[in-house]
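>>> requesting a structural model of the entry that follows:
(one chain, ligands or ions: 1)
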Amino acid sequence: MQNKTVLTGVKPTGTPHIGNLVGAIKPAIELGNKVLEAGGRHFMFVADYHAINAEKDPAVLNQKLKEIACIYLAFGLDPNKSVFYRQSDIPEIPEITTILFAYTPKGFMNKAHAYKAAVDKNRAAGKPDDDLINMGLYTYPTLMASDILAYDTDIVPVGKDQVQHVEIARDIAGMINAHYGKELLKLPEYSLTKNAVLVPGIDGRKMSKSYNNVIPIFADKAEIKKAVFAIKTDSRPLEEPKNPDEILVYEIYQAIAAPEKVQEMAEGLRQGKLGYGHIKNMLLDAVVEMTSEAKEKYEYYMAHEKEVNEMLDLGASKARPIATKTLERLKNAVFGR
Ligand code: TRP
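This next block holds a predicted model:
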(Lines give C-alpha, C1' and ligand atoms only; values in the text may rest on other atoms or scores of the structure.)
Protein backbone atom coordinates (compact mmCIF):
# COMPACT_ATOMS: atom_id res chain seq x y z
CA MET A 1 0.00 0.00 0.00
CA GLN A 2 3.07 2.28 0.23
CA ASN A 3 2.43 5.34 -1.97
CA LYS A 4 -0.23 3.55 -3.94
CA THR A 5 -3.25 5.12 -5.58
CA VAL A 6 -6.49 3.36 -4.77
CA LEU A 7 -9.74 4.28 -6.50
CA THR A 8 -13.33 3.19 -5.98
CA GLY A 9 -16.47 4.24 -7.76
CA VAL A 10 -19.97 3.67 -6.52
CA LYS A 11 -23.11 3.89 -8.58
CA PRO A 12 -25.87 5.92 -6.94
CA THR A 13 -28.62 3.36 -7.36
CA GLY A 14 -30.72 1.85 -4.61
CA THR A 15 -30.62 2.62 -0.91
CA PRO A 16 -27.74 0.69 0.70
CA HIS A 17 -28.55 -1.99 3.30
CA ILE A 18 -26.54 -3.70 6.04
CA GLY A 19 -25.10 -6.14 3.49
CA ASN A 20 -23.70 -3.26 1.42
CA LEU A 21 -22.45 -1.61 4.58
CA VAL A 22 -20.34 -4.47 5.91
CA GLY A 23 -19.54 -5.95 2.50
CA ALA A 24 -18.54 -2.82 0.62
CA ILE A 25 -18.94 0.58 2.26
CA LYS A 26 -17.02 0.00 5.49
CA PRO A 27 -14.21 -2.01 3.85
CA ALA A 28 -13.79 0.73 1.21
CA ILE A 29 -13.48 3.44 3.85
CA GLU A 30 -11.09 1.35 5.95
CA LEU A 31 -8.92 0.53 2.96
CA GLY A 32 -8.87 4.20 1.99
CA ASN A 33 -7.69 5.20 5.44
CA LYS A 34 -4.99 2.55 5.35
CA VAL A 35 -3.71 3.73 1.99
CA LEU A 36 -3.63 7.33 3.16
CA GLU A 37 -1.70 6.37 6.28
CA ALA A 38 0.85 4.62 4.07
CA GLY A 39 1.39 7.83 2.11
CA GLY A 40 -0.82 6.88 -0.84
CA ARG A 41 -3.80 8.52 -2.49
CA HIS A 42 -7.44 7.54 -2.17
CA PHE A 43 -10.08 8.42 -4.74
CA MET A 44 -13.72 7.77 -4.04
CA PHE A 45 -16.40 8.96 -6.41
CA VAL A 46 -20.07 8.69 -7.16
CA ALA A 47 -20.48 7.26 -10.66
CA ASP A 48 -23.42 9.37 -11.76
CA TYR A 49 -22.59 9.14 -15.48
CA HIS A 50 -22.87 5.39 -15.13
CA ALA A 51 -26.17 5.79 -13.32
CA ILE A 52 -27.91 7.74 -16.09
CA ASN A 53 -27.88 4.67 -18.32
CA ALA A 54 -30.63 3.25 -16.15
CA GLU A 55 -32.11 6.17 -14.20
CA LYS A 56 -33.74 8.93 -16.19
CA ASP A 57 -35.44 10.84 -13.39
CA PRO A 58 -33.17 13.68 -12.20
CA ALA A 59 -34.96 13.96 -8.86
CA VAL A 60 -34.34 10.28 -8.11
CA LEU A 61 -30.72 10.52 -9.28
CA ASN A 62 -30.10 13.54 -7.13
CA GLN A 63 -31.64 11.92 -4.09
CA LYS A 64 -29.60 8.71 -4.52
CA LEU A 65 -26.40 10.66 -5.03
CA LYS A 66 -27.05 12.61 -1.88
CA GLU A 67 -27.83 9.46 0.13
CA ILE A 68 -24.67 7.70 -1.03
CA ALA A 69 -22.46 10.71 -0.36
CA CYS A 70 -23.95 11.15 3.13
CA ILE A 71 -23.55 7.46 3.98
CA TYR A 72 -19.84 7.49 3.15
CA LEU A 73 -19.36 10.68 5.14
CA ALA A 74 -21.37 9.28 8.06
CA PHE A 75 -19.23 6.16 8.25
CA GLY A 76 -16.00 8.11 8.34
CA LEU A 77 -14.80 8.97 4.87
CA ASP A 78 -12.74 12.13 5.36
CA PRO A 79 -13.21 14.43 2.36
CA ASN A 80 -10.14 16.42 3.38
CA LYS A 81 -7.96 13.36 2.98
CA SER A 82 -9.70 11.17 0.42
CA VAL A 83 -10.50 12.75 -2.94
CA PHE A 84 -14.29 12.48 -2.85
CA TYR A 85 -16.19 13.71 -5.91
CA ARG A 86 -18.96 13.33 -8.46
CA GLN A 87 -17.90 11.68 -11.70
CA SER A 88 -19.95 14.23 -13.68
CA ASP A 89 -17.86 17.09 -12.26
CA ILE A 90 -14.82 15.85 -14.17
CA PRO A 91 -15.40 16.65 -17.87
CA GLU A 92 -11.99 15.20 -18.66
CA ILE A 93 -13.44 11.74 -17.99
CA PRO A 94 -15.78 11.66 -21.01
CA GLU A 95 -13.00 13.29 -23.05
CA ILE A 96 -10.58 10.53 -22.14
CA THR A 97 -13.32 8.00 -22.83
CA THR A 98 -13.60 9.28 -26.40
CA ILE A 99 -9.89 8.69 -26.95
CA LEU A 100 -10.08 5.24 -25.37
CA PHE A 101 -12.93 4.35 -27.75
CA ALA A 102 -10.53 4.52 -30.68
CA TYR A 103 -8.41 1.81 -29.08
CA THR A 104 -11.16 -0.35 -27.64
CA PRO A 105 -12.10 -3.40 -29.70
CA LYS A 106 -15.85 -3.63 -30.05
CA GLY A 107 -15.54 -7.29 -29.07
CA PHE A 108 -14.54 -6.23 -25.55
CA MET A 109 -17.92 -4.58 -25.13
CA ASN A 110 -19.78 -7.56 -26.62
CA LYS A 111 -18.20 -9.72 -23.93
CA ALA A 112 -18.85 -7.41 -20.98
CA HIS A 113 -21.04 -8.99 -18.30
CA ALA A 114 -23.50 -6.15 -17.79
CA TYR A 115 -24.30 -5.98 -21.50
CA LYS A 116 -24.46 -9.75 -21.87
CA ALA A 117 -26.77 -10.04 -18.88
CA ALA A 118 -29.10 -7.46 -20.42
CA VAL A 119 -29.15 -9.38 -23.73
CA ASP A 120 -29.84 -12.66 -21.93
CA LYS A 121 -32.71 -11.05 -20.10
CA ASN A 122 -34.19 -9.80 -23.38
CA ARG A 123 -33.87 -13.25 -24.95
CA ALA A 124 -35.51 -14.91 -21.99
CA ALA A 125 -38.40 -12.49 -22.34
CA GLY A 126 -38.68 -13.20 -26.07
CA LYS A 127 -37.64 -9.65 -26.98
CA PRO A 128 -35.06 -8.51 -29.55
CA ASP A 129 -31.46 -8.80 -28.22
CA ASP A 130 -30.86 -5.08 -27.91
CA ASP A 131 -34.28 -4.04 -26.66
CA LEU A 132 -33.92 -0.99 -24.40
CA ILE A 133 -30.13 -1.33 -24.32
CA ASN A 134 -28.54 2.07 -24.77
CA MET A 135 -24.99 2.92 -25.80
CA GLY A 136 -24.19 3.99 -22.25
CA LEU A 137 -24.77 0.46 -21.02
CA TYR A 138 -23.00 -1.04 -24.03
CA THR A 139 -19.86 1.08 -23.59
CA TYR A 140 -20.00 1.08 -19.78
CA PRO A 141 -16.57 -0.57 -19.36
CA THR A 142 -14.82 2.09 -21.46
CA LEU A 143 -16.14 4.91 -19.28
CA MET A 144 -15.10 2.91 -16.24
CA ALA A 145 -11.63 2.46 -17.76
CA SER A 146 -11.40 6.21 -18.09
CA ASP A 147 -12.40 6.63 -14.41
CA ILE A 148 -9.55 4.35 -13.45
CA LEU A 149 -6.83 5.40 -15.89
CA ALA A 150 -7.32 9.16 -15.42
CA TYR A 151 -5.67 9.12 -11.99
CA ASP A 152 -2.81 6.66 -12.59
CA THR A 153 -4.63 4.22 -10.35
CA ASP A 154 -2.65 1.26 -9.00
CA ILE A 155 -5.40 -0.63 -7.27
CA VAL A 156 -9.15 -0.88 -7.75
CA PRO A 157 -10.87 -2.76 -4.93
CA VAL A 158 -13.83 -4.59 -6.42
CA GLY A 159 -16.35 -7.32 -5.89
CA LYS A 160 -16.32 -10.28 -8.26
CA ASP A 161 -18.77 -8.67 -10.69
CA GLN A 162 -16.38 -5.82 -11.46
CA VAL A 163 -13.16 -7.80 -12.03
CA GLN A 164 -13.76 -8.04 -15.76
CA HIS A 165 -14.16 -4.27 -16.02
CA VAL A 166 -10.79 -3.62 -14.41
CA GLU A 167 -9.22 -6.18 -16.72
CA ILE A 168 -10.71 -4.35 -19.69
CA ALA A 169 -9.23 -1.08 -18.40
CA ARG A 170 -5.86 -2.75 -18.07
CA ASP A 171 -6.05 -4.22 -21.57
CA ILE A 172 -7.01 -0.90 -23.14
CA ALA A 173 -4.16 0.86 -21.34
CA GLY A 174 -1.74 -1.86 -22.40
CA MET A 175 -2.75 -1.53 -26.05
CA ILE A 176 -2.35 2.24 -26.04
CA ASN A 177 1.04 2.01 -24.34
CA ALA A 178 2.17 -0.64 -26.82
CA HIS A 179 1.03 1.46 -29.76
CA TYR A 180 3.01 4.51 -28.67
CA GLY A 181 5.91 2.57 -27.20
CA LYS A 182 5.72 4.32 -23.85
CA GLU A 183 3.85 4.22 -20.58
CA LEU A 184 1.19 6.79 -21.26
CA LEU A 185 -1.24 5.07 -18.92
CA LYS A 186 -0.60 3.19 -15.73
CA LEU A 187 -1.80 -0.41 -15.75
CA PRO A 188 -4.26 -0.87 -12.89
CA GLU A 189 -4.79 -4.01 -10.86
CA TYR A 190 -7.92 -5.13 -9.13
CA SER A 191 -7.98 -6.29 -5.57
CA LEU A 192 -10.77 -8.65 -4.85
CA THR A 193 -12.51 -7.82 -1.60
CA LYS A 194 -12.64 -11.54 -0.90
CA ASN A 195 -12.40 -11.28 2.85
CA ALA A 196 -15.32 -8.93 2.84
CA VAL A 197 -18.13 -10.58 4.70
CA LEU A 198 -21.11 -11.72 2.72
CA VAL A 199 -24.22 -11.09 4.74
CA PRO A 200 -27.17 -13.36 4.09
CA GLY A 201 -30.58 -11.74 3.92
CA ILE A 202 -33.39 -12.42 6.37
CA ASP A 203 -34.59 -15.34 4.19
CA GLY A 204 -31.12 -16.90 3.89
CA ARG A 205 -30.49 -15.85 0.29
CA LYS A 206 -27.95 -13.15 -0.56
CA MET A 207 -29.07 -9.87 1.00
CA SER A 208 -30.44 -7.85 -1.86
CA LYS A 209 -33.08 -5.23 -2.39
CA SER A 210 -34.50 -7.21 -5.30
CA TYR A 211 -35.20 -10.14 -2.94
CA ASN A 212 -36.86 -7.85 -0.44
CA ASN A 213 -34.84 -9.49 2.35
CA VAL A 214 -32.71 -6.64 3.63
CA ILE A 215 -31.97 -5.13 7.00
CA PRO A 216 -31.98 -1.36 6.48
CA ILE A 217 -29.15 0.86 7.76
CA PHE A 218 -30.84 4.05 8.86
CA ALA A 219 -34.43 3.08 9.44
CA ASP A 220 -35.89 3.67 12.90
CA LYS A 221 -35.52 0.94 15.47
CA ALA A 222 -39.04 -0.41 15.00
CA GLU A 223 -38.44 -0.99 11.32
CA ILE A 224 -35.07 -2.65 11.89
CA LYS A 225 -36.72 -4.78 14.55
CA LYS A 226 -39.38 -5.87 12.11
CA ALA A 227 -36.72 -7.06 9.67
CA VAL A 228 -34.66 -8.82 12.36
CA PHE A 229 -37.66 -10.59 13.85
CA ALA A 230 -38.69 -11.78 10.40
CA ILE A 231 -35.47 -13.78 10.05
CA LYS A 232 -36.21 -17.43 9.37
CA THR A 233 -35.95 -19.79 12.36
CA ASP A 234 -37.42 -23.18 13.25
CA SER A 235 -39.58 -24.38 16.11
CA ARG A 236 -36.98 -26.17 18.23
CA PRO A 237 -37.31 -25.32 21.94
CA LEU A 238 -34.87 -23.02 23.68
CA GLU A 239 -33.24 -25.79 25.75
CA GLU A 240 -32.33 -27.90 22.77
CA PRO A 241 -28.61 -27.54 22.05
CA LYS A 242 -28.10 -26.11 18.56
CA ASN A 243 -25.30 -25.91 16.08
CA PRO A 244 -24.86 -22.14 15.60
CA ASP A 245 -23.57 -22.58 12.06
CA GLU A 246 -27.00 -23.77 10.99
CA ILE A 247 -28.77 -20.74 12.36
CA LEU A 248 -29.37 -17.79 10.09
CA VAL A 249 -29.58 -15.20 12.87
CA TYR A 250 -26.13 -16.31 14.01
CA GLU A 251 -24.73 -16.12 10.47
CA ILE A 252 -25.87 -12.53 10.14
CA TYR A 253 -24.63 -11.73 13.66
CA GLN A 254 -21.18 -13.03 12.74
CA ALA A 255 -20.94 -10.44 10.00
CA ILE A 256 -21.85 -7.61 12.34
CA ALA A 257 -20.96 -8.14 16.01
CA ALA A 258 -17.61 -8.11 17.82
CA PRO A 259 -15.85 -11.52 18.03
CA GLU A 260 -16.44 -11.96 21.77
CA LYS A 261 -20.14 -11.27 21.32
CA VAL A 262 -20.30 -13.77 18.48
CA GLN A 263 -18.60 -16.31 20.75
CA GLU A 264 -21.15 -15.63 23.45
CA MET A 265 -24.02 -16.29 21.08
CA ALA A 266 -22.42 -19.49 19.77
CA GLU A 267 -21.97 -20.87 23.27
CA GLY A 268 -25.46 -19.92 24.36
CA LEU A 269 -26.89 -21.78 21.39
CA ARG A 270 -24.73 -24.85 21.86
CA GLN A 271 -25.67 -25.06 25.51
CA GLY A 272 -29.38 -24.49 24.99
CA LYS A 273 -29.30 -21.27 27.01
CA LEU A 274 -30.33 -18.83 24.29
CA GLY A 275 -33.55 -19.02 22.31
CA TYR A 276 -34.47 -17.37 19.04
CA GLY A 277 -36.03 -14.38 20.79
CA HIS A 278 -32.79 -13.76 22.69
CA ILE A 279 -30.54 -13.99 19.72
CA LYS A 280 -32.77 -11.79 17.60
CA ASN A 281 -32.63 -9.13 20.28
CA MET A 282 -28.85 -9.50 20.39
CA LEU A 283 -28.71 -9.01 16.63
CA LEU A 284 -31.02 -6.02 16.81
CA ASP A 285 -28.76 -4.42 19.44
CA ALA A 286 -25.71 -5.07 17.28
CA VAL A 287 -27.30 -3.45 14.23
CA VAL A 288 -28.37 -0.42 16.25
CA GLU A 289 -24.94 -0.15 17.87
CA MET A 290 -23.15 -0.33 14.54
CA THR A 291 -25.30 2.39 12.99
CA SER A 292 -26.43 4.75 15.76
CA GLU A 293 -23.45 7.09 15.77
CA ALA A 294 -23.36 7.19 11.98
CA LYS A 295 -27.11 7.75 11.89
CA GLU A 296 -26.79 11.08 13.65
CA LYS A 297 -24.09 12.18 11.26
CA TYR A 298 -26.11 10.91 8.30
CA GLU A 299 -29.10 12.93 9.35
CA TYR A 300 -26.94 15.98 9.84
CA TYR A 301 -25.45 15.73 6.35
CA MET A 302 -28.80 14.99 4.72
CA ALA A 303 -30.08 18.21 6.28
CA HIS A 304 -26.99 20.19 5.24
CA GLU A 305 -26.87 19.63 1.53
CA LYS A 306 -24.79 22.73 0.89
CA GLU A 307 -21.99 21.45 3.08
CA VAL A 308 -22.00 18.10 1.32
CA ASN A 309 -21.94 19.78 -2.08
CA GLU A 310 -18.99 21.88 -0.99
CA MET A 311 -17.13 18.73 0.02
CA LEU A 312 -17.82 17.15 -3.35
CA ASP A 313 -16.75 20.35 -5.10
CA LEU A 314 -13.52 20.28 -3.13
CA GLY A 315 -12.95 16.70 -4.28
CA ALA A 316 -13.55 17.67 -7.91
CA SER A 317 -11.08 20.54 -7.60
CA LYS A 318 -8.44 18.04 -6.46
CA ALA A 319 -9.31 15.37 -9.02
CA ARG A 320 -9.53 17.55 -12.13
CA PRO A 321 -5.91 18.68 -12.39
CA ILE A 322 -4.80 15.05 -12.29
CA ALA A 323 -7.29 13.95 -14.94
CA THR A 324 -6.30 17.00 -17.01
CA LYS A 325 -2.67 15.88 -17.02
CA THR A 326 -3.60 12.42 -18.20
CA LEU A 327 -5.80 13.87 -20.92
CA GLU A 328 -2.98 16.15 -22.09
CA ARG A 329 -0.56 13.26 -22.18
CA LEU A 330 -2.99 11.30 -24.30
CA LYS A 331 -3.83 14.18 -26.64
CA ASN A 332 -0.16 14.95 -27.17
CA ALA A 333 0.46 11.36 -28.17
CA VAL A 334 -2.67 10.85 -30.22
CA PHE A 335 -2.54 14.14 -32.13
CA GLY A 336 1.25 14.36 -32.29
CA ARG A 337 1.40 17.70 -30.49
N1 TRP B 1 -19.12 -0.23 -12.18
C2 TRP B 1 -19.04 0.01 -10.77
C3 TRP B 1 -20.26 -0.66 -10.09
O4 TRP B 1 -21.26 -0.88 -10.72
C5 TRP B 1 -18.99 1.47 -10.43
C6 TRP B 1 -17.80 2.12 -11.05
C7 TRP B 1 -17.80 3.05 -12.06
C8 TRP B 1 -16.44 1.93 -10.67
N9 TRP B 1 -16.52 3.44 -12.33
C10 TRP B 1 -15.66 2.78 -11.51
C11 TRP B 1 -15.82 1.12 -9.72
C12 TRP B 1 -14.27 2.79 -11.42
C13 TRP B 1 -14.44 1.16 -9.63
C14 TRP B 1 -13.67 1.97 -10.47
O15 TRP B 1 -20.21 -0.94 -8.94
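
>>> what packs against the helix or strand where residue 50 lies?
Using DSSP states H and E, residue 50 sits in helix 48-51. Applying 3 or more C-beta pairs under 8 Å, 6 or more residues apart in numbering; DSSP states H and E, one finds that helix 48-51 contacts helix 58-74, helix 140-149. Any C-beta I mention is one placed from the backbone N, CA and C, and that applies to glycine too.

>>> surely residue 20 is within a helix?
Yes: counting by DSSP: H, G, I helix; E, B strand; the rest coil, residue 20 is part of a helix.

>>> what does the chain put close to the ligand?
Residues of the chain lying near the ligand by C-beta under 6 Å from any ligand atom: 7-9, 11, 47, 50, 144, 147-148, 156, 162, 165.

>>> helices of the stretch 1-150 of the chain, residue ranges please.
For the stretch 1-150 of the chain, the helices defined by DSSP state H, counting those that start in this stretch occupy 18-20, 26-37, 48-51, 58-74, 92-101, 106-111, 113-124, 135-138, 140-149.

>>> return the most buried member of these.
helix 140-149 (a mean of 26; mean count of other C-beta atoms under 10 Å).

>>> ranges for the helices of the stretch 151-300 of the chain?
For the stretch 151-300 of the chain, helices defined by DSSP H, counting those that start in this stretch occupy the ranges 163-180, 221-229, 248-256, 259-270, 276-303.

>>> residues making contact with the first one?
Which is helix 163-180. If you take C-beta atoms under 8 Å, 6 or more residues apart in numbering as the criterion, helix 163-180 is touched by 100, 103-104, 108, 111-113, 140-142, 144-145, 148-149, 156, 158, 183-190, 192, 330, 333.

>>> who's in contact with residue 206?
Here residue 206 is in contact with 19, 198, 200 (C-beta under 8 Å, 6+ apart).

>>> rerun at 10 Å
Remark: with contacts taken as C-beta atoms under 10 Å, 6 or more residues apart in numbering, residue 206 is in contact with 19, 23, 198-200, 213.

>>> report the inter-axis angle for the helix ranked longest in the chain versus helix 276-303.
Once the chain is assigned using DSSP state H, the helix that runs over the most residues is helix 305-335. On the basis of axes from the mean of the first three to the mean of the last three C-alpha atoms, to 10 degrees, helix 305-335 is oriented at 80 degrees to helix 276-303.

>>> correct me if wrong: residue 37 contacts residue 1.
Yes: using C-beta atoms under 10 Å, residue 37 makes contact with residue 1 at a distance of 8.3 Å.

>>> and the longest helix of the chain, which residues are buried?
In terms of neighbour count (16 or more other C-beta atoms under 10 Å), helix 305-335 has its buried residues at 308, 311-312, 315-316, 318-320, 322-324, 326-327, 330, 333.
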